[in-house]
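Participant: have a look at this prediction, sequence included:
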Amino acid sequence: MDERKGVVSKTRKTSSGIGIKGSAEILLVLPAAIALAVFFFLPLGTLFLISFSGKTPLIGYEKLLASAAALKVVTNTLFASVTVTVLCAATAVPFCIALQSMSRTAARMALLLTTLPLWISILVRSYSWLYLLSQEGVINSMAGLFGLGPYSMLFQWSAVIVGMVHILLPFMILPVNNAVSALDPALGRAARSLGASSSRVLLKITLPLIARGIATGTLLVFVLALGFYVTPQMLGGPPNMMLATYIDVLMNRTLDWPRAAAAAVLLTLSVLLCFLLLSIVSERRSTGVIG
Amino acid sequence: MQPGRSRLPAVVFAWLVVAFALLPLGIMFMMSFSSSEFVRFPPPGYSLRWYEAYFNSGDWVEATIRSLVLGVVVSALSVVLGVPASLAIDRMGGRSANATLAVVTLPIILPPVVIAVAMYMTFSKLGLVGTYAGLVVGHLTLALPFVVFTTLASLRGLGPEYYRAGLSLGASRTRVVMTVVLPMIRPGILSGALLAFLTSFDELLISLFIGNPTIRTLPRRMWDGVRSEFDPTIAAASAVVVASTLIVSLAVAGLSRLAQRRLTSRI
């Protein structure tokens, strides 16, 4: 009897005792929260403050926006990010649609193999392209068999773009494939039985229905491309400098902290803006526009 | 889908994409066995000289061991901090849980260079630049979110029933968590720990900014190698990294499948 009373009071406590529940939760979250606050948010806040330090509060931003080098770097970053995003979409969409016409095992295998490199470090994946693109690398020795080349392919945009597409492709494939596999195959069959051509089915049914998957992938790839550091430096040359490398240069060679911080703050804001868009896109999908 | 002729181009295209994803890594693997010290394809001969160079170089071995130890320390700390935090987030209401998650996600969505620069500016004042502790806490902020995600996913899969059942049988909250909840979400915690390990093991930018030439991690050693001159030892080191990464990631995949099976079989 006594025990049972205890049980009743205990269960009551957990269902109604919000105060007790709240304080226990705070104790559990506290260590992680302190670690993130001190070692992540404090540095981030300091970065923000440093971007407004200097002789006048805005001098870091003024110097940044007035410099031709910064403008070039921003143009480079946008150019590379847009190109990489478009190429990833142009590869991932037909790829995911093609998976549908394969047997289940083959499709699953192909999907696994294309997304497997996600686990491997960007450093290693970028490095591996040196073997394909260098003067005596795989592509040039193949071309040599046909009496062509050698072409110089490294340390220019094409190498940077190929390397980045290779690294970012899985981030496009995963959301697009989610959208494509959620498609009802009956829709295509119905349209075809009503006399629609394959291209018409693609344009009028498939693409509109997977548009949100493509939008998610596009934002994800674009936002990751904006911050790329390793690949442009390893496969590109000085004219291919992107924002992340520029921040490093301002920080370690120019030793201009306010300007480096200003550039980092601007990069952060663009990334956050893209993620805001991303959350809007994915929220809309969950409210169910399809139909 | 119409079978036959019209399907072939699609299938060929799909396998070409697979080849594009895997070929560079395959070639690098092959070249790590080359007997030549230049990039030459096909290799003039095969040997293990670059693996010997890797395992015999104090420099490379030291960097590898440092990265392994760092990864284990970061992973352990992430679990110690991340699992209790996930238990609490799981019990929070929808809105505050989402807000907390958004905050926790921030370290993995911001560009690594921004985080590294920000940490450098603050850590230099805290005396953490060029120290092992600086690397640990730097990597910790990037690894922690993964433990929170996987643990939280397992907790949500588990649902509140076990918890309620335990309480109604008279066990204390702590006892239910220790004896019922934690053992059931163990695969989720483990895969979080492995992801945390990989995050630290592959991390370059914090190691570049917060580390120094005397505490080089493996990625930093590779980066310095790539930037100075062509050295096939990097290919051998990469092959070792790729092989161990794939083992860890297969373990993660296996664990998440196990976690799912465990939950579905008990419910």
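Facilitator: Right, received. Where do you want to start?

Participant: okay, CA-based contacts and neighbour counts for the rest of this
Facilitator: Fine.

Participant: can you name every helix or strand that the least confident helix or strand in chain B by mean pLDDT contacts?
Facilitator: Across the helices and strands of chain B, mean pLDDT, DSSP states H and E gives its lowest value to helix B:233-266, namely a mean of 83. Contacts defined by 3 or more Cα pairs under 8 Å, 6 or more residues apart in numbering or on different chains; DSSP states H and E place helix B:233-266 against helix B:8-31, helix B:49-56, helix B:132-158, helix B:186-202, helix B:218-228.

Participant: any idea how far the closest residue to chain B within chain A is from B:Val180?
Facilitator: Per Cα to the nearest Cα, A:Val29 is where chain A lies closest to chain B, at 4.2 Å. A:Val29 sits 20 Å away from B:Val180, going by Cα to Cα, to the nearest Å.

Participant: looking at those two, which is more packed in?
Facilitator: Legend: neighbour count by other Cα atoms under 10 Å in any protein chain shown for A:Val29 and B:Val180, higher for A:Val29 (21 against 15).

Participant: now the more buried one: which helix or strand?
Facilitator: Secondary structure from DSSP states H and E places A:Val29 in helix A:18-36.

Participant: distance from the chain centre to stretch A:51-63, please.
Facilitator: Relative to its chain's centre, stretch A:51-63 lies at 30 Å (Cα atoms, centre = their mean, to the nearest Å).

Participant: stretch B:217-230 and chain A in contact?
Facilitator: Yes: using Cα under 8 Å from any Cα of the partner chain, stretch B:217-230 reaches chain A at B:219, B:223, B:226-227.

Participant: out of those residues, give me the one that has the most neighbours.
Facilitator: The most crowded member of these, judged by other Cα under 10 Å, is B:Pro219 (27 neighbours).

Participant: which residues touch it?
Facilitator: By Cα atoms under 8 Å, 6 or more residues apart in numbering or on different chains, the contact set of B:Pro219 is A:123, B:201-204.

Participant: hmm, try it at 7 Å
Facilitator: Contact partners of B:Pro219, counting by Cα atoms under 7 Å, 6 or more residues apart in numbering or on different chains, are B:202-204.

Participant: from B:Ile206, how far out is it?
Facilitator: For B:Pro219, the distance to B:Ile206 (Cα to Cα) stands at 11 Å.

Participant: kindly report the same for A:Ser53.
Facilitator: A:Ser53 is 24 Å from B:Ile206, by Cα to Cα.

Participant: these two: which has the busier surroundings?
Facilitator: B:Ile206 (25 against 18).

Participant: so the more buried one touches B:Ala118, yeah?
Facilitator: No: between B:Ile206 and B:Ala118 there is no contact, the gap being 9.9 Å when judged by Cα atoms under 7 Å.

Participant: what does stretch B:81-88 rub up against?
Facilitator: With Cα under 7 Å, 6+ apart as the test, stretch B:81-88 has contacts from A:25, A:28-29, A:31-32, B:144, B:147-148, B:151-152.

Participant: turn the residues you listed into TSV, columns for pLDDT.
Facilitator: Compiled in TSV, the contacts of stretch B:81-88 are given as follows (pLDDT from 0 to 100):
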residue	pLDDT
A:Glu25	80
A:Leu28	90
A:Val29	90
A:Pro31	94
A:Ala32	95
B:Leu144	97
B:Val147	96
B:Val148	95
B:Thr151	94
B:Leu152	92
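
Participant: and these as TSV, adding distance to A:Leu269?
Facilitator: TSV is the format used below for the contacts of stretch B:81-88 (distance: Cα to Cα, whole Å):
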residue	distance to A:Leu269
A:Glu25	31
A:Leu28	31
A:Val29	27
A:Pro31	28
A:Ala32	25
B:Leu144	23
B:Val147	26
B:Val148	25
B:Thr151	29
B:Leu152	28
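
Participant: select from those residues the one having the most neighbours.
Facilitator: With neighbours taken as other Cα under 10 Å, the top of the contacts of stretch B:81-88 is B:Leu144, carrying 32 neighbours.

Participant: contact partners for that one?
Facilitator: Contacts of B:Leu144 by Cα under 7 Å, 6+ apart are B:78, B:82, B:196.

Participant: same question for B:Ile89.
Facilitator: B:Ala97.

Participant: and it, which of the three is it?
Facilitator: The local conformation at B:Ile89, judged by DSSP: H, G, I helix; E, B strand; the rest coil, is helix.
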